[in-house]
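**Q** Return atomic coordinates for the entry below.
(2 chains)
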Amino acid sequence: MPESEMTGNLFLFSNAAAPVPATEKVKAEARLVERVCAGDEEAFNEIYKIFAPMVHGIILARVPRDEADDIVQEVFLAAYKNLHTLRDKNAVGAWLAMIARNRTTEFYRQAKPTEELPEELRGKDNSKAEAREILTAIRALPETYRETLVLRLVEGMTGQEIAERTGLTPESVRVNLHRGMKILRQKLGIAEK
Amino acid sequence: MKEDYLWDKTGAVDPEIERLENALAVFRYQETEPPALPAKIIPFERKTPRGFFRLAFAFAACAAFVIVSLSVLFQFSGKKIEVAKVSTETIAPQAVEKVLDQAPVKNTDDFIVERGKSLKQPAERKIIKVSKVVQPVARQNKLIAQNGEVKKPTVILTKEEKFAYDQLMLALSVTSSTFKKVKDKVEGVEEKNAVLENRR
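**A** Numbering: from 1, shown residues only, chains lettered A, B, ... in the order given. Below is the predicted model:
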């Protein structure tokens, strides 16, 4: 087990008694889930708007970006079909994240072997080349750091938002961000200030 | 390293993190329409298929039981009647010796073994196989049923056996008469007869 996960578990226990500032948000999401189960499609669209960036980030941390959008749609369709099986209505974010992770695993199981285009054929946009390089470096990180860093740096979510959407504790997100960023700096050759 | 900026984008901006954010922004999620939903949520009910399989399994088990019991029944009722059964028995070497003691036996090689003498070479003794015809009882019963008459087996008894048979018959008749008396007494028939005689 990675050190960060162990830390996450410890924080999970320590955080149990602490007041959760996002309780109202969680309740609102639970109400949305109930409305979807009652057949309200508008409520599902709201859930999609809230959680799509998080699902996209989790998928982008694992699969090629061209495939990410399609998998996001698949994740939400699967969620819609199985939403009535969700026991804890407050844990919809963590549930969606789990579906997204499972879908990426399935993607690699079903995917035919492909080869990436060489650098010279990819186009000469320097900014995109740099972005691809950074994303590749992030994908080479351990899974826990990779996911959190993509959500922070690519999707632009704050640490608190990441914790709320993924169901992780804020403490474990903070640790993952800090350690992941440290390793990323080393990989990219950025000196730590 | 400015952790506040990394955590919630507050405080002094970390230029390196900002550069990474700007570079990676090209991969950011572009808001799209939610997926086209199916017409209706069809909840997956587990009870129906489970109940169905339970019923099917019970039906299959009953059918299997009936088939097995019927096959067993037919196997016993439709047993083939054997016409004749030839069994072979092997006579033990001791029995052969006994036979040789009683009378001279002519061997296949035309030499005679005298009475009271046993064969010197027991290893060379031949095992005599005697075929024995066993009359099937079932066939006999079937023939009797077809002809409608019962043929009593003819038994030839010696004088002693005849005497023993007569004694047995007498004993049986005495026993049966005694049993009859006891029975009448128990049921009160004797008293009724006495009353009737008195009336006469």
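**Q** Quick one: name whatever helix or strand follows the host helix or strand of residue A:42.
**A** Secondary-structure element containing residue A:42, defined by DSSP states H and E: helix A:41-60. Stepping forward along the backbone from helix A:41-60, the first helix or strand reached (DSSP H and E) is helix A:65-82.
**Q** Measure how that next one sits relative to helix A:41-60, angle-wise.
**A** Interaxial angle, helix A:65-82 versus helix A:41-60 (axes from the mean of the first three to the mean of the last three C-alpha atoms, to 10 degrees): 140 degrees.
**Q** For helix A:65-82, name the packing helices and strands.
**A** Under the contact criterion of 3 or more C-beta pairs under 8 Å, 6 or more residues apart in numbering or on different chains; DSSP states H and E, the helices and strands touching helix A:65-82 comprise helix A:41-60, helix A:92-110. From N, CA and C alone the C-beta is placed, and that goes for glycine too.
**Q** For the next helix or strand after the last one, name the packing helices and strands.
**A** Following helix A:92-110 in sequence order, the next helix or strand is helix A:126-139 (DSSP H and E). In this structure, helix A:126-139 packs against helix A:143-149, helix A:170-188, helix B:15-24, with contacts taken as 3+ C-beta pairs under 8 Å, 6+ apart.
**Q** so what's the backbone phi/psi at residue A:142?
**A** Main-chain torsions, residue A:142, degrees, to the nearest 10: phi -60, psi 150.
**Q** mean confidence score for stretch A:65-76?
**A** Looking at stretch A:65-76 alone, the average pLDDT works out to 90.
**Q** And that stretch, what's buried?
**A** Along stretch A:65-76, these residues count as buried under the neighbour rule (16 or more other C-beta atoms under 10 Å in any protein chain shown): A:68, A:69, A:71, A:72, A:73, A:74, A:75, A:76.
**Q** What ranges does chain B have for its strands?
**A** All strands of chain B, identified by DSSP state E, fall at B:85-90, B:105-106, B:112-113, B:129-134.
**Q** could you measure residue A:65 against residue A:139, distance?
**A** Spatial separation of residue A:65 from residue A:139 under the definition C-beta to C-beta, to the nearest Å is 11 Å.
**Q** likewise residue B:19?
**A** Looking at residue B:19 against residue A:139, where the rule is C-beta to C-beta, the gap reads 19 Å.
**Q** So if I had to pick from these two, which one is more boxed in?
**A** When residue B:19 and residue A:139 are compared on other C-beta atoms under 10 Å in any protein chain shown, the one with more neighbours turns out to be residue A:139, at 16 against 13.
**Q** Quick check: chain neighbours aside, which residue is closest to the residue nearest the centre of chain A?
**A** When C-alpha atoms, centre = their mean is applied to chain A, the residue found nearest the centroid is residue A:58 (3.0 Å). With C-beta to C-beta, 6 or more residues apart in numbering or on different chains as the criterion, residue A:58 has its nearest non-adjacent residue at 4.4 Å, and that residue is residue A:100.
**Q** Model confidence for the one you found, exactly?
**A** Among the per-residue scores, residue A:100 shows a pLDDT of 94.
**Q** same thing with residue A:12?
**A** Looking at residue A:12, the pLDDT reads 40.
**Q** show me where pLDDT drops low in the chain?
**A** In the absence of a named chain, this looks at chain A. For chain A, applying pLDDT under 70 flags the ranges A:1-26, A:111-126, A:191-193.
**Q** oops, I was thinking of chain B
**A** Screening chain B residue by residue with the criterion pLDDT under 70, one finds the ranges B:1-3, B:39-49, B:78-153, B:190-192, B:200.
**Q** which one's the longest helix in it?
**A** Secondary structure of chain B read by DSSP state H shows that its longest helix is helix B:47-77.
**Q** From the contact counts, what lies against it?
**A** For helix B:47-77, the contact count by 3+ C-beta pairs under 8 Å, 6+ apart identifies no helix or strand as a packing neighbour.
**Q** Name all residues that make contact with residue B:9.
**A** Under the criterion of C-beta atoms under 8 Å, 6 or more residues apart in numbering or on different chains, the neighbours of residue B:9 are residue A:158.
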